[in-house]
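Asks: fold the following.
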Amino acid sequence: MKTKGLGKLLILGLVLTSLVSCKEEEFYEKDFIETLSDQYEKENLPDLVDSSTKSTNESEDTSSDKESSPDAGDDSSNNGGSTDGGDDSSNNGGNTDGGDDSSNNGGSTNGGDDSSNNGGNTDGGDDSSNNGGSTDGGDDSSNNGGSTDGGDDASDEDDTTNIVLNEQDDEFTQNDTGAKLDILWVIDNSGSMRDEQEALGRNFDAFIQQFVEKNIDFKMAITTTDTSRNNAGREWKDSMAALTSDNLAANKDLFLRDFARLVNVGTRGSGREKGIQASEVFAERYGNSWLREDAYFTIVYVSDEEDQSHKTVENHLKQIQKWKQNSGYIKAHSIVNMRRAHYFQRYKEISALTNGDVASITDDFYNTLLNMGGKIANLVDQFPLSQKVYNSSSIEVYVNNQLNTDWSYDEATNSIQFDENKVPQAGASIRVLYLYEQQ
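Replies: A predicted model of the protein is given here:
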């Protein structure tokens, strides 16, 4: 009986020993796997936050603390009102922070490295971003609120952006009859333009009314939007010789008949209208022989379709502007089809870049030409500036080296215009000094 009982005890002991062994093996296996997992996260996921742990740490705490808790270690995220004495990657509540706080979004006193502080805080450390009203004594890469900043602030949205200003000195000589005008008409000669060409010629008298009144020295030329078969930028017939201010003064009726005849450029041109390219090539062809250095170069585009020139509008304009030392002497106006946005955007762009007008080709031609002609005629009383004025208060005008105050600045055209009856006499030297922003 005793032997039998002892045998049972031995068997029971062996079973228990086996179970304990399995348990220990399972424990060590689990511990080994968890150790490898922790090591992988530290090496590959350094910013991983374990939101399940909400404890008070005396050393490094990689958990997310969303309660009000004292934290003396490294707290990757602290979203509640906390006292933090270590490295706090994110602190979104009102806290007192004495360590490295990568983000502080609440009203806090921060004495460490605070990468982001979005609340009203007093910051004595390195604060990469401070978005609230704060007093900052450290390195603050970004301060977006009303703050007193005593450190290195790479970006402060309330401060004036760093702007480099240069002084420009533009010089002019007053002509006998004011400014001169060289006007190029770029007429669409595709199949849909017959009525528009006739309306332009029929109402041209409205365009030149003020040219006659002001005795303006002008020259006109005509080209078409057809750039195929070496047609690009070519003078249409004898337009250069016929359309001058001398011929207008000699015989106005003949001048008007000549314009109506010449502006009728036909409707057999290419359906791929390239008016802007045509104006650039025209300047290349006749820049030395027809364009005058002391005259405005005014281009008037007339088309019912969008421009299809191959370069950007800015690049075409740069090539045109090279013919003037002062780019303010280039003006582009457009009479275009405004029923659809895609019919006129490029013409609108070149007009905007040169402070010119845009009018609808479907409106009454008489009023369109009257208004546009008046604006072009007014150029003779203006002195265009070569750079965009940064602040009009910086402008100084000298006439024959004497400071002059009888003028006004027109921001729309970026030009100086003298008061009526105060225009400098012919031959007077005019200097305009001002500041512009360096691009």
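Asks: from one end of stretch 298-314 to the other, what's the distance?
Replies: 17 Å (Cα to Cα, to the nearest Å).
Asks: ok, which stretches of the stretch 201-350 of the chain are helices?
Replies: In the stretch 201-350 of the chain, the segments counted as helices under DSSP state H, counting those that start in this stretch are 204-207, 209-213, 239-242, 245-250, 252-262, 275-286, 313-321, 345-353.
Asks: just name the most buried of those.
Replies: helix 275-286 (a mean of 23; mean count of other Cβ atoms under 10 Å). (Each C-beta comes from the backbone N, C-alpha and C, glycine too.)
Asks: counting by contacts, list what that one packs against.
Replies: In terms of contacts (3 or more Cβ pairs under 8 Å, 6 or more residues apart in numbering; DSSP states H and E), helix 275-286 is packed against strand 180-187, strand 218-224, strand 295-303, helix 313-321, helix 345-353.
Asks: would you turn those into CSV with mean pLDDT?
Replies: Shown next, in CSV, are those (pLDDT from 0 to 100):
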stretch, mean pLDDT
strand 180-187, 97
strand 218-224, 98
strand 295-303, 97
helix 313-321, 97
helix 345-353, 97
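Asks: any chance of those in CSV, plus distance to Leu379?
Replies: Output for these, formatted as CSV (distance: least, Cβ to Cβ, whole Å):
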stretch, distance to Leu379
strand 180-187, 7
strand 218-224, 10
strand 295-303, 5
helix 313-321, 16
helix 345-353, 15
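Asks: out of the ones you listed, nearest to Ser245?
Replies: Among the helices and strands packed on helix 275-286, strand 218-224 comes nearest to Ser245, with 4.7 Å by Cβ to Cβ.
Asks: for that closest one, which residues meet the burial criterion?
Replies: Buried positions in strand 218-224, judged by neighbour count with 16 or more other Cβ atoms under 10 Å: 218-224.
Asks: now do stretch 429-439
Replies: If you call a residue buried by 16+ other Cβ under 10 Å, then stretch 429-439 has these buried ones: 430, 432, 434-436.
Asks: quick check: which ranges of the stretch 151-300 of the chain have low pLDDT?
Replies: Filtered on pLDDT under 70, the stretch 151-300 of the chain yields the residue ranges 151-161, 177-178.
Asks: what about 90?
Replies: In the prediction, the stretch 151-300 of the chain carries residues with pLDDT under 90 at positions 151-163, 173-179, 212-215, 229-230, 293-294.
Asks: for Pro424, find the nearest of the helices and strands packed on helix 275-286.
Replies: Between Pro424 and these, the tightest spacing by Cβ to Cβ is seen for strand 180-187, at 16.0 Å.
Asks: between the closest one and strand 218-224, how many degrees?
Replies: For strand 180-187 against strand 218-224, the angle between stretch directions is 20 degrees (axes from the mean of the first three to the mean of the last three Cα atoms, to 10 degrees).
Asks: quick one on the thing from earlier: and the buried residues of strand 218-224 as a markdown table, adding distance to Val300?
Replies: Shown next, in a markdown table, are these (distance: Cβ to Cβ, whole Å):
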| residue | distance to Val300 |
| --- | --- |
| Phe218 | 12 |
| Lys219 | 14 |
| Met220 | 9 |
| Ala221 | 11 |
| Ile222 | 10 |
| Thr223 | 11 |
| Thr224 | 13 |
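Asks: Validate this expectation: Glu196 resides in a strand.
Replies: No - counting by DSSP: H, G, I helix; E, B strand; the rest coil, Glu196 is not part of a strand but helix.
Asks: next one: phi and psi at the residue lying closest to it once chain neighbours are set aside?
Replies: Leaving aside its chain neighbours, Glu196 sits nearest to Ile361 (5.8 Å; criterion: Cβ to Cβ, 6 or more residues apart in numbering). Note on Ile361: its backbone torsions stand at phi -70, psi -10 [degrees, to the nearest 10].
Asks: residues contacting Trp290?
Replies: By Cβ atoms under 8 Å, 6 or more residues apart in numbering, the contact list for Trp290 reads 182, 219, 221, 240.
Asks: which one of those is nearest Val212?
Replies: Nearest member of the contacts of Trp290 to Val212, counting by Cβ to Cβ, is Lys219, at 15.3 Å.
Asks: what's the spacing between that closest one and Arg234?
Replies: The gap separating Lys219 from Arg234 is 17 Å, by Cβ to Cβ, to the nearest Å.
Asks: how about Asp217?
Replies: In this view, Asp217 and Arg234 are 25 Å apart by Cβ to Cβ.
Asks: between these two, which one's more packed in?
Replies: Asp217 (21 against 17; other Cβ atoms under 10 Å).
Asks: so the more buried one sits against Leu248, correct?
Replies: No - the criterion here is Cβ atoms under 8 Å, and Asp217 misses it with Leu248 at 10.6 Å.
Asks: surely the residue nearest to Glu196 and Met193 touch.
Replies: No - contact between Ile361 and Met193 fails when scored by Cβ under 8 Å: they sit 9.1 Å apart.
Asks: which neighbours do those two share?
Replies: In terms of Cβ under 8 Å, 6+ apart, Ile361 and Met193 are both contacted by the residues 303-304.
Asks: quick check: bridge partners of Phe383?
Replies: Ile416 (DSSP bridges).
Asks: show me the contacts for it.
Replies: Contacts of Phe383 (Cβ under 8 Å, 6+ apart): 170, 172, 415-417, 430, 432.
Asks: want to throw these into CSV with distance to Val164?
Replies: Below are the contacts of Phe383 laid out as CSV (distance: Cβ to Cβ, whole Å):
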residue, distance to Val164
Asp170, 19
Phe172, 26
Ser415, 24
Ile416, 24
Gln417, 29
Ile430, 27
Val432, 20
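Asks: what's the closest of those to Ser392?
Replies: Closest to Ser392, out of all of the contacts of Phe383 and judged by Cβ to Cβ, is Ile416, at 10.2 Å.
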